Each structure stands twice: as C-alpha cells, then as structure tokens.
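# With the input below, show me the fold.
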Amino acid sequence: MTKVFNLYEAKNQLSSLVDRAASGEEIVIAKHGQPMAKLVPVPRPKKERRKPQNFLGVTYVADDFDAPLPPELLKQFGYDP
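Got it, this is the predicted structure:
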C-alpha cells in the first residue's frame, strides 16, 4: 500500500520512512499536494553460487611446488644461505 507524506513530515520522519520502505512499503513524498518523490525498497541482488574455476588454465601442480628454492636462485633474490 502506498502512503503519502508531505515534505515537512517526511523530513522529520525520514529515518522511520526509510525503514518502512526497506520493509516493502512504498512511500510517496508530496510538496504542496503534488507527488515529488517515492521511497521504494532497493531490490536485493540474487546471490549466485560460486563456480569452481581453473586458475589461468593450470591443471597440474608439481609435487615439489612448495619445496625450498635452490641456493643459486635464493642468491638472486638477495638471500645468502
């Protein structure tokens, strides 16, 4: 159901009118008896299930992926073992 408020009332009750609009009620704000604005609830986006994705097409991870780096490579990064 649509409820009409004049601008003065809407200004004084804005917080409660926003709550009412968020709960589904349509609120019309009038100025000098003419409808000027409408508060309506913002549609909530549907949450889609996340789909598993293949990161950059990588389908294989080496067994030694997390093995320590060789000393030569560590030196290039400024680390001297």
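# which other residues reach the longest helix along the chain?
Longest helix in the chain by number of residues (criterion: DSSP state H): helix 14-22. The contact list for helix 14-22, computed with Cβ atoms under 8 Å, 6 or more residues apart in numbering, reads 3, 5, 10, 27, 39, 40, 41, 42. Just so you know, the C-beta spots here come from the backbone N, C-alpha and C atoms, and that holds for glycine as well.
# Tell me which residues of the host helix or strand of the second one come out buried.
Taking DSSP states H and E as the criterion, residue 5 maps to strand 2-6. In terms of neighbour count (16 or more other Cβ atoms under 10 Å), strand 2-6 has its buried residues at residue 5.
# thinking again about what came up before, give me the next element, helix or strand, following the longest helix of the chain.
Scanning onward from helix 14-22 (DSSP H and E), the first element met is strand 26-31.
# From the chain's centroid, how far away is that next one?
For strand 26-31, the separation from the chain centroid amounts to 28 Å (computed by Cα atoms, centre = their mean, to the nearest Å).
# How far does whichever strand or helix holds residue 11 sit from its chain's centre?
According to DSSP H and E, residue 11 maps onto helix 7-12. Centre-to-centre, helix 7-12 and its host chain are 30 Å apart (Cα atoms, centre = their mean).
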